[in-house]
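*Asks:* Would you be able to build a 3D model of this:
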Amino acid sequence: RRESMDKRQQDSRIRQSGLSWTIVEPPTLTDGPRTGRYRLDTARAPMLGRVSRADVADFMLDQLDSHEFNNKSTVIY
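*Replies:* Reported below is the predicted structural model:
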């Protein structure tokens, strides 16, 4: 599919940029509250489940001060 090809190209450009990066890949997003209870998987877990936009934002903001997920693609669910 076109979207899959675009996503692969985008990921490739990010990885080759020479910058510090973290790719965050959520499954279905909800409008729920921030719970702070979410799971992370760098081994490309199936894109099943749901996670709130607030929890994704929480994780992304945490990465500003953390090096744990530098240069990794992370599924959040």
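
*Asks:* So for stretch 66-76, what gets flagged as buried?
*Replies:* 69, 73-76 (16 or more other CB atoms under 10 Å). C-beta coordinates here come from the backbone N, C-alpha and C atoms, glycine included.

*Asks:* Endpoints of it, how far apart?
*Replies:* Terminal residues of stretch 66-76 lie 16 Å apart, using CA to CA, to the nearest Å.

*Asks:* Show the average pLDDT along that stretch.
*Replies:* Taken as a whole, stretch 66-76 has an average pLDDT of 92.

*Asks:* picking that back up, would you list the buried residues of stretch 66-76 in a markdown table and tack on secondary structure?
*Replies:* Conversion of those to a markdown table gives the following (DSSP: H, G, I helix; E, B strand; the rest coil):
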| residue | secondary structure |
| --- | --- |
| F69 | coil |
| S73 | strand |
| T74 | strand |
| V75 | strand |
| I76 | strand |
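
*Asks:* now, which of those sits nearest S4?
*Replies:* S73 (14.5 Å; CB to CB).
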